[in-house]
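Colleague: starting from these lines, generate the structure:
(2 chains)
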There are 2 protein chains.
Amino acid sequence: MKLTHYEKADALVMTTPSVNPPHQTERQTHTDEDAVSAYMSQAYIRVTVSDTIAQVKHVLREELEGEQIPTYLYVLDEDNYLNGILPVKALLTSGEELFVAEVMRQNYFFVSPEQTRHDVFELINNSGIDTVPVVQFGKLAGILRPQDIAELIEDENTQDAALQGGSQPLDEPYLSTSPVTLWRKRAVWLLMLFVAEAYTGTVLKAFEDQLEAAISLAFFIPLLIGTGGNSGTQITSTLVRAMALGEVGLRNIGAVLRKELTTSLMVAFTMGCAGMIRAWFLGVGPEIMVVVSLTLVCITVWSAVVSSIIPMVLQRLKVDPAVVSAPFIATLIDGTGLIIYFEIARHVMTDLV
Amino acid sequence: MKLTHYEKADALVMTTPSVNPPHQTERQTHTDEDAVSAYMSQAYIRVTVSDTIAQVKHVLREELEGEQIPTYLYVLDEDNYLNGILPVKALLTSGEELFVAEVMRQNYFFVSPEQTRHDVFELINNSGIDTVPVVQFGKLAGILRPQDIAELIEDENTQDAALQGGSQPLDEPYLSTSPVTLWRKRAVWLLMLFVAEAYTGTVLKAFEDQLEAAISLAFFIPLLIGTGGNSGTQITSTLVRAMALGEVGLRNIGAVLRKELTTSLMVAFTMGCAGMIRAWFLGVGPEIMVVVSLTLVCITVWSAVVSSIIPMVLQRLKVDPAVVSAPFIATLIDGTGLIIYFEIARHVMTDLV
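Modeller: Numbering: from 1, shown residues only, chains lettered A, B, ... in the order given. Purely as a prediction, here's the structure:
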């Protein structure tokens, strides 16, 4: 018995998993909700290479649901191998007697069902494509219609928003999420941030003597670390969004650093002046005025460096940069900012040890 | 001379602006980039009521650009008044000899060119509509194609992301924005937050005596206000996103408050325990352990109340709730949190005044 063309192809594909196990493993590391397979639809219209345009027109008329006209029909054989895609537009312009094989396109962009939402978000966002076939081992697994792509992008944006807020994304709509689930999703992150932030206590204890000697140094702690955190948050939120849209990548790290350093020097000077005015109003004496002002300058530049490098490094490590949330940056800047503050105080103030 | 039907309609419309000036005024309060008019496209195919289906098919074949098939054609008269919309699907199922007037739909969803992106985002997100006509005074001003809607939604999400990061959205891609522009967009918000945060200095100065008496109270300042800010950020980021998607509105304020209060009591208990452990490790004595722990409980519940009410109030005031960014919540919690902290300290610690 001679194998037909399609049986051969089938036999080849059936052996693929054992030939190439890493592919299988990678597939299992993603949860289902994050994969393309969770979004794809089976609402496509199938035709075969040997149909005529007249036959396809009839099929289209019979099977069309709703008012939206698909951009493509899918040319499949009996084993569901995707032979090509047929633009519906071709139905309008081709002769009725032509065969699908003569009109279909064999070059097309496709994704695979186990690709993550995050990867596909970037690809689709940059391609401007409207409907994408989902193909596995040459077979059509489903399609991403415009509404599926919109849902995928919406979920990805919702996840980015949740991560930016320092919390895990919810799996269901907010109103149907129970307080226990909310507590579980939030407490984990809060505790992690708490542990990370806890070293600020150690830092302050280390500078206890300076604090005792000049208690008014304590007045500026929330203001200084708050400003450091805020200026860092501004930078990461801009960068994370630009990276999600594919505008900025690792290739731009030089340009990003130059831009952020230049900007932060201007911002630092602005904040230094504001700090001087605030310290003067609080009547804490000229030495602390200088310390507060210098600290604001240093913290602003420092937080710019940290918060422009971290999203890039995370992308390099294949971690979604959206996890660098405002709380994350603030926590990082808080402790280091305090060290900067007290070191500057120690050098500037003559009566401190 | 007798006015034709259309001339009459035209005359009516021409007087509308003076009859209804508020409409005009409202239009001028929005910047152009935020309005539907900035996104609509002129790439639609026009037909007239007296065309036959056969003629329309010919027009469609001639005028179609790209591979995407529009869902609707637009039935317009010579003055551009929109008489109805013609589903392309109807071309497939209707007889060639029928007139457009017999097949077209006269009920359809539309938006007006001066509506803001924010309003339209909610409407379209909830409707699942694919292409929307933009109509002004009965005339077709343009259409929002799926790609225009995608761009509008993307810009709205980018704006929300920028606001959540405590910064103004950029008008152009990140890489082509100059440092001076970045500085201008960021410094304004940083200075506003700086001014808002500045009162923490006043609060701390007011409790100077307590600080002098127990300097170790200062060790916990960043940790306490940080935790308050983080737990507030988690709540607002979830709520703001749910409100942007239309899942939650003012009508749900009771359900939201109940859910957030229940959740925050559980979170507060968790954080209180964590705080007790941290204070014990820092060796600050049992009194301060109790103060830190109690403060964490109170700050967590307080920040939950504040950060679930504020987005609702803003929506009520017709302000985009996305402005309640992490920095905004943190700033608000910082000062009030300090007051809670020192008030608890004053009551619990016997050697404080």
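
Colleague: all the strands of the stretch 51-200 of chain A, in order from the start?
Modeller: Secondary structure of the stretch 51-200 of chain A (DSSP state E, counting those that start in this stretch): strands at A:72-76, A:82-87, A:132-136, A:139-144.

Colleague: let me have the ones you listed in TSV, extended by mean neighbour count.
Modeller: Any C-beta I mention is one placed from the backbone N, CA and C, and that applies to glycine too. Formatted as TSV, those follow (neighbours: other C-beta atoms under 10 Å in any protein chain shown):
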stretch	mean neighbour count
strand A:72-76	23
strand A:82-87	21
strand A:132-136	21
strand A:139-144	21
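
Colleague: so for chain B, which of these sits nearest?
Modeller: strand A:82-87 (4.7 Å; C-beta to the nearest C-beta).

Colleague: would you confirm that residue A:269 contacts residue A:296?
Modeller: No: Residue A:269 is beyond contact range of residue A:296, at 9.5 Å (criterion: C-beta atoms under 8 Å).

Colleague: more neighbours, these two?
Modeller: With neighbours defined as other C-beta atoms under 10 Å in any protein chain shown, residue A:269 and residue A:296 compare such that residue A:296 has more, 32 against 15.

Colleague: look up phi and psi at residue A:35.
Modeller: The phi and psi values for residue A:35, taken as degrees, to the nearest 10, are phi -90, psi 160.

Colleague: that one contacts residue A:117, correct?
Modeller: Yes: assessed by C-beta under 8 Å, residue A:35 is found in contact with residue A:117 at 7.1 Å.

Colleague: quick one: residue A:147 and chain B, what's the gap?
Modeller: Counting by C-beta to the nearest C-beta, to the nearest Å, the gap from residue A:147 to chain B is 7 Å.

Colleague: what do you get for residue A:69?
Modeller: 4 Å.

Colleague: residues in contact with that residue?
Modeller: Residue A:69 is in contact with A:88, B:69-71, B:88-89, counting by C-beta atoms under 8 Å, 6 or more residues apart in numbering or on different chains.

Colleague: pick the one among these closest to residue B:45.
Modeller: Lowest distance from residue B:45 to these (C-beta to C-beta) belongs to residue B:70, with 6.5 Å.

Colleague: can you give me the neighbour number for that closest one?
Modeller: When neighbours are counted by other C-beta under 10 Å, residue B:70 registers 22.

Colleague: just checking, it touches residue B:45?
Modeller: Yes: under the criterion of C-beta under 8 Å, residue B:70 makes contact with residue B:45 at 6.5 Å.

Colleague: for burial, what's the neighbour tally of residue A:66?
Modeller: Using other C-beta under 10 Å, residue A:66 is surrounded by 10 other residues.

Colleague: phi, psi for it please.
Modeller: phi 70, psi -180.

Colleague: touching stretch A:240-250 from outside, list them.
Modeller: Here stretch A:240-250 makes contact (C-beta under 8 Å, 6+ apart) with A:121-122, A:125-126, A:156, A:160, A:164, A:239, A:256, A:311-312, A:315-316, A:321-322, A:324, B:154, B:158, B:161-162, B:173-175.

Colleague: now do that stretch, average pLDDT.
Modeller: Taken as a whole, stretch A:240-250 has a mean pLDDT of 83.

Colleague: with stretch A:175-186 instead?
Modeller: 87.

Colleague: list the contacts of residue A:182.
Modeller: A:170, B:259, B:263.

Colleague: in helices only, show me these.
Modeller: Those of those mapping onto helices are B:259, B:263, per DSSP state H.

Colleague: near chain B, which residues of the stretch 251-353 of chain A show up?
Modeller: Neighbours of chain B within the stretch 251-353 of chain A, by C-beta under 8 Å from any C-beta of the partner chain: A:252, A:255, A:259, A:262-263, A:266-267, A:270-271, A:274-275, A:278, A:282, A:325-327, A:330-331, A:334-335, A:338.

Colleague: go with 6 Å
Modeller: A:259, A:262-263, A:266-267, A:270, A:274, A:278, A:282, A:326-327, A:334 (C-beta under 6 Å from any C-beta of the partner chain).

Colleague: quick one, helices of the stretch 51-200 of chain A?
Modeller: Listed in chain order, the helices found in the stretch 51-200 of chain A under DSSP state H, counting those that start in this stretch are A:53-63, A:88-93, A:100-103, A:117-127, A:146-164, A:179-197, A:199-206.

Colleague: what do you get for the stretch 251-353 of chain A?
Modeller: Along the stretch 251-353 of chain A, counting by DSSP H, counting those that start in this stretch, helices occupy A:253-282, A:286-316, A:326-348.

Colleague: between these, which gets the lowest average pLDDT?
Modeller: helix A:326-348 (a mean of 89).

Colleague: can you pull the buried residues of it?
Modeller: For helix A:326-348, burial by neighbour count (16 or more other C-beta atoms under 10 Å in any protein chain shown) applies to A:326-338, A:340-342, A:344-345.

Colleague: pick out the residue of the stretch 51-200 of chain A closest to chain B.
Modeller: residue A:165 (2.4 Å).

Colleague: how about the strands of the stretch 51-200 of chain A in JSON lines, adding distance to chain B and mean pLDDT?
Modeller: Formatted as JSON lines, the strands of the stretch 51-200 of chain A follow (distance: least, C-beta to the nearest C-beta, whole Å; pLDDT from 0 to 100):
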{"stretch": "strand A:72-76", "distance to chain B": "8", "mean pLDDT": "89"}
{"stretch": "strand A:82-87", "distance to chain B": "5", "mean pLDDT": "88"}
{"stretch": "strand A:132-136", "distance to chain B": "13", "mean pLDDT": "89"}
{"stretch": "strand A:139-144", "distance to chain B": "13", "mean pLDDT": "90"}
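
Colleague: quick one: closest of those strands to residue B:49.
Modeller: Closest to residue B:49 of these, according to C-beta to C-beta: strand A:82-87, at 29.8 Å.

Colleague: contacts for the closest one, please.
Modeller: With contacts defined as C-beta atoms under 6 Å, 6 or more residues apart in numbering or on different chains, strand A:82-87 is touched by A:49, A:72-73, A:75, A:100, A:104-106, A:108, A:135, A:140, B:67.

Colleague: next, the angle strand A:72-76 makes with that strand.
Modeller: On the basis of axes from the mean of the first three to the mean of the last three C-alpha atoms, to 10 degrees, strand A:82-87 is oriented at 160 degrees to strand A:72-76.

Colleague: okay, residue A:15: pLDDT?
Modeller: 31.

Colleague: cool, and residue A:62?
Modeller: According to the prediction, residue A:62 has pLDDT 82.

Colleague: could you do the one 5 residues further on as well?
Modeller: At residue A:67, the model reports a pLDDT of 77.

Colleague: look up phi and psi at it.
Modeller: The phi/psi pair for residue A:67 (degrees, to the nearest 10) reads phi -100, psi -20.
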